[in-house]
Structures are given as structure tokens and as C-alpha cells.
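Novice: I'll drop the sequence and a predicted model, then ask my questions.
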Amino acid sequence: MIRRDRFLDFVERFRGARVLVIGPAVAERDVHCAVTRLAPDYPMPVYRVEHASVHPGAAALTAATAANLGASVTLLAPVGRAAAGTALRQALADSRVQLLDGSDDPGCRTAELFRYLAQGRQLIQVRKGWTPRSFTALRKTLNRFTGGQE
């Protein structure tokens, strides 16, 4: 186990560092709900959405965390142009992460993770757009910047 002082020294090194993160970017949505009862015909909670928030996930979360520690961060990841991609782009900008989006595919979609939460507990988790195609888009983006084979 690492000692606390060594850990804090390691964290302090991020301040002013230049970091490149390469990987899939996910838009994580936390949907906060109020649950008052179970459905009468099936043991499923009936919920009312109170508010939702979007934040970076996967490699985008790594980039946002490094930026929060004071690093100058660039994220190389394909991010779509639909609502999920737009929300993720805004969350990355809010975290001071520069996005290098090399995807020229108009069909590129940003993977999403929905967490439905009630009273601080997760009710259900739903993944949308987590397909092998999203990893193909990442490989194409990386190859575009490195001159690799398609």
C-alpha cells in the first residue's frame, strides 16, 4: 500500500503536466428520481424524474480527472454530433479538456450510460450505443492521427 505522503506527492505532479488520453469517450447520465411505490402489476418501482446531470465517462473521465488535478489534458476520442455527443463535448469543455475528435464519420455515435438513482441508490443502469462499431471508430481515429492502417 502506498503511503499518504507519497500519494499526495504523486498527485501534485499532475499540476502543470501535459497529458494525452486515448480511448472511448462515454456520456454518463445520472438521472435522479423520486420513488414512492411499486407498480401494482409488477414488482418494479414507479419513479418520477427530478433532475439529470451529464458527466464524462471511460477515457473521458480519466481526462477530466487529470485536468481537475491541474494537468493540461488532450483527449483523442471519436465523439458523435447528436445530443449525447454535444452534452459530452460541453462536459469536457467545462472540465478544461481539449478534445481531438478525428472522426469524420457522420454516423459516429457517442456511447451513453444512464444511471437511475433514488435516495442515493442505483435503481437501474442502462447502456446505449456500446457496440463494436464504437471501438472501430476509435481505431480509425487513432490511425488517422498516427498514419496507421485503416
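Specialist: Noted; the coordinates are in hand. Numbering: from 1, shown residues only.
Novice: just the helices in this structure please.
Specialist: Secondary structure of the chain (DSSP state H): helices located at 4-12, 59-68, 83-94, 132-146.
Novice: just checking, what packs against the longest one?
Specialist: So that's helix 132-146. Counting contacts by 3 or more C-beta pairs under 8 Å, 6 or more residues apart in numbering; DSSP states H and E, helix 132-146 is packed against strand 72-76. Any C-beta I mention is one placed from the backbone N, CA and C, and that applies to glycine too.
Novice: so what's the residue most central in space within the chain scoring on pLDDT?
Specialist: Centroid-nearest residue in the chain, with C-alpha atoms, centre = their mean: residue 57, separated by 2.0 Å. Here the pLDDT value assigned to residue 57 is 96.
Novice: what's across from it in the sheet?
Specialist: Per DSSP bridges, the residues bridged to residue 57 are residue 26.
Novice: could you check the angle strand 72-76 makes with the lowest-mean-pLDDT helix or strand in the chain?
Specialist: Sorted by mean pLDDT, DSSP states H and E, the helices and strands of the chain end with helix 132-146, the least confident at a mean of 73. Counting by axes from the mean of the first three to the mean of the last three C-alpha atoms, to 10 degrees, helix 132-146 lies at 120 degrees to strand 72-76.
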